[in-house]
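Colleague: for reference, the sequence and a predicted model appear below.
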Amino acid sequence: MELKEIINKQVAMDISHGFSVSFNSEAEAYSQLSKDLVGLLGEIGEFANIVKKINIKLDRPKEYELDISLAKEQLGEELADTFIYIIRLAAILEIDLEKQLIAKMQRNESRYAQLRK
């Protein structure tokens with residue numbers, strides 16, 4: 001599935017569940033943007049907490065119980081949650097995320113050209 005298709009599918013699912021990305025005023029849009037930003041930061045926090053626990057397990061393998069393969073699965077889920085919030089933020093702001101991502105990758109390609117091996 002192409003990125004644009006994934007984005008459109010997620011936005012349609014959000015709308016069908018009552019999570020709008022279109023608003024009657026900028027104030028309403030930015031209010032929702034703020035709420036979704038808090039959600040995004042919460043997901044990043046959950047991701048960071050799992051990484052913290054993996055590091056504890058790696059530092060103290062006999063003292064700390066953790067299933068690292070399960071933790072990696074959880075990291076994937078948190079990354080997906082994070083991406084969903086990023087999709088929502090872009091939709092609320094009416095930003096073409098795919099276009100922005102491609103443009104940024106091109107800028108980074110030249111910006112970091114001296115690091116290429």
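Modeller: Yep, that arrived. Residues are numbered from 1 along each chain as shown.

Colleague: pLDDT on the longest helix along the chain, on average?
Modeller: In the chain, taking DSSP state H as the definition, the longest helix is helix 26-59. For helix 26-59, mean pLDDT is 97.

Colleague: next SSE downstream of that helix?
Modeller: helix 68-92 (DSSP states H and E).

Colleague: flag every buried residue along the helix or strand that that next one is followed by.
Modeller: Using DSSP H and E, the next helix or strand after helix 68-92 towards the C-terminus is helix 97-111. Within helix 97-111, the residues that qualify as buried are Leu97, counting by 16 or more other CB atoms under 10 Å. Every C-beta, even on glycine, is put in place using the N, C-alpha and C of the backbone.

Colleague: how far off helix 68-92 does helix 97-111 point, in degrees?
Modeller: 110 degrees (axes from the mean of the first three to the mean of the last three CA atoms, to 10 degrees).

Colleague: show me what helix 97-111 is in contact with.
Modeller: Helix 97-111 has contacts (CB atoms under 8 Å, 6 or more residues apart in numbering) with 3-4, 7, 86-87, 90.

Colleague: please repeat the previous calculation with a cut-off of 7 Å.
Modeller: 3-4, 7, 87, 90 (CB atoms under 7 Å, 6 or more residues apart in numbering).

Colleague: same question for stretch 94-102, mean pLDDT?
Modeller: Here the average pLDDT along stretch 94-102 is 96.

Colleague: so how far is it off the chain centroid?
Modeller: For stretch 94-102, the separation from the chain centroid amounts to 14 Å (computed by CA atoms, centre = their mean, to the nearest Å).

Colleague: then that stretch to PDB, C-alphas only?
Modeller: Below are the C-alpha coordinates for stretch 94-102, written out as PDB (Å, rounded to 0.1, in the frame of the first residue of the first chain):
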ATOM      1  CA  GLU A  94      -4.200  20.200   5.600                       C
ATOM      2  CA  ILE A  95      -0.500  19.300   4.900                       C
ATOM      3  CA  ASP A  96       0.400  16.700   2.300                       C
ATOM      4  CA  LEU A  97       2.500  14.600   4.500                       C
ATOM      5  CA  GLU A  98       3.800  12.400   1.600                       C
ATOM      6  CA  LYS A  99       4.900  15.500  -0.300                       C
ATOM      7  CA  GLN A 100       6.600  17.000   2.700                       C
ATOM      8  CA  LEU A 101       8.400  13.800   3.600                       C
ATOM      9  CA  ILE A 102       9.800  13.400   0.100                       C
END
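
Colleague: okay then, goodbye and thanks.
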